[in-house]
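Trainee: Predicted model, plus sequence, below.
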Amino acid sequence: MFTRTGVGKLTLIDHVITTIGVVKMASMTRMHYLPEHVDMSKVQASRLYLRQLNPHVEIETLHCNINDELDAEILLDVLQDCKLDQSSTADKPNRHHANHGTSTHMQFRLPMDAIICCVDNSMARSRVNQIALKLSIPLIDVTLSPCSSFITVQTILPGYSACMHCHWNDKYEAEAMVADAVSRQCPATLPQCELIAAGLVSQSTINFALRLLLEFGDQIPFYRLNCLDMDISTFWFKPNHECSEPMCKLKQAEYQLDVEKKQELDTQALQRAQAHDDDDVIHES
C-alpha cells in the first residue's frame, strides 16, 4: 500500500539471513512472493517486487539482529539517516494539534517519519520500543495472537502516549513468553488475518500522516480486532509516569515542557492582542 501511494522512501528491515529469513515455496500463499524469489532473503525479494510496482519509490533493505547490541547500533545509524530531505522543512513554524495536543515540531526534527514494527517476539518488540523512544520517532506496532484470532495495533507517540513498557508487568511478561512459545510450536493460523493486519497497520500509518501533515482526521492510539467475530475495541492509554523505561519518562518530561512553552506563547499572544485592542479603543476616544 505504501509503495502504491508513493511514500517516497521505505527501509525494509529483517533479521539476519537464515533458513527462517528466506523465501520458501510455502511462502507463496501468504505473501506477495513469486516462485523466482525462492531462496532469496525476504526483504530483498520484497524490494524487487515493490520496485516493479512503483519504481519512483526509493527502497532500501537491511539485515540485522535487533537483539544484538552491535546490530542495534547499526540500526540506529540507519534510522537516523533514513529521511530523504529535511532541510526544506526545518524552518517551518510549529503548529498545535487540538485533538490530541501533539505538536508538529515532532515532524521536522525526526530522522524519519515513523517506524512500523511487525516483529513476532516480545524481546525484539521491546528493543524497537527503546529505539523509537531514543530517536523520538512515532512507532506503530502490530501484533497477532498465536493463532491469529486477534490483531492489535498500537500507535506510540514518544512522551505523549503510552509506550510498550508503560503498563507492562511480570504477568504480561509471562503471557508474552508463553505466546512466543505457542506461536513457534503451533503454526496453525487463520489464513486471512495476516492480510487484515497488513491493511490495518497501513491505514493507521496513513491516518497518522494525514494527522501530522494536513491536521485532518484522528489517530486511534490502540485498537484490537477480534477476527472470529470481527469486533473492534479501541482504547486510550496515557503514559505511565512510573514507567520502567527511563527513556519514556525523559520523553514525557520533554513533551510536558513543550506543552508549557506552547501555553506560555499562546498566553503572550493573547496579551499582545488584548493590548492592541486597548490601544485602538484609546485612539478612538
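Mentor: Yes, it's here.

Trainee: can you tell me which residues contact the nearest residue to His37 once chain neighbours are set aside?
Mentor: Distances taken as C-beta to C-beta, 6 or more residues apart in numbering put Ala45 closest to His37, at 3.8 Å, once the chain neighbours are dropped. For glycine as for every other residue, the C-beta is placed from the backbone atoms N, C-alpha and C. The contact partners of Ala45, by C-beta atoms under 8 Å, 6 or more residues apart in numbering, come to 23, 33-34, 37.

Trainee: among the helices and strands of the protein, which one scores worst on average pLDDT?
Mentor: Counting by mean pLDDT, DSSP states H and E, the weakest-scoring helix or strand in the chain turns out to be helix 105-109, with a mean of 40.

Trainee: Show the subsequent helix or strand relative to that one.
Mentor: strand 115-117 (DSSP states H and E).

Trainee: what are the pairing partners of that next one, and which direction each?
Mentor: Sheet pairing here is set by DSSP bridges, and for strand 115-117 it gives strand 139-144 (parallel).

Trainee: Where does the residue nearest to His37 fall, secondary structure wise?
Mentor: helix 42-53.

Trainee: For the contacts of Ala45, which two are the farthest from each other?
Mentor: Val23 and Leu34 (8.8 Å; C-beta to C-beta).

Trainee: more crowded one of these two?
Mentor: A direct count of neighbours by other C-beta atoms under 10 Å for Val23 and Leu34 places Val23 higher, at 21 against 14.

Trainee: residues touching the more buried one, list them.
Mentor: Taking C-beta under 8 Å, 6+ apart, one finds 33, 37-42, 45 in contact with Val23.

Trainee: Then Glu245?
Mentor: With C-beta under 8 Å, 6+ apart, Glu245 has these contacts: 129-130, 133, 163, 165-166.

Trainee: Throw those residues into JSON lines and include neighbour count, thanks.
Mentor: Listed next are the contacts of Glu245 as JSON lines, based on neighbours: other C-beta atoms under 10 Å:
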{"residue": "Asn129", "neighbour count": "25"}
{"residue": "Gln130", "neighbour count": "19"}
{"residue": "Leu133", "neighbour count": "24"}
{"residue": "Cys163", "neighbour count": "30"}
{"residue": "His165", "neighbour count": "19"}
{"residue": "Cys166", "neighbour count": "21"}
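
Trainee: the strands in the stretch 151-285 of the chain, which residues?
Mentor: For the stretch 151-285 of the chain, strands defined by DSSP state E, counting those that start in this stretch occupy the ranges 222-226, 231-235.

Trainee: any idea which of these is most buried?
Mentor: strand 222-226 (a mean of 17; mean count of other C-beta atoms under 10 Å).

Trainee: Please look at Ala132 and Pro158 and confirm they touch.
Mentor: Yes - using C-beta atoms under 8 Å, Ala132 is in contact with Pro158, at 6.5 Å.

Trainee: Give me the common contacts of these two.
Mentor: With C-beta under 8 Å, 6+ apart, Ala132 and Pro158 have common neighbours 138-139.

Trainee: All the helices of the stretch 1-150 of the chain, in order from the start?
Mentor: Using DSSP state H, counting those that start in this stretch, the helices of the stretch 1-150 of the chain run over 2-5, 42-53, 69-80, 105-109, 122-135.
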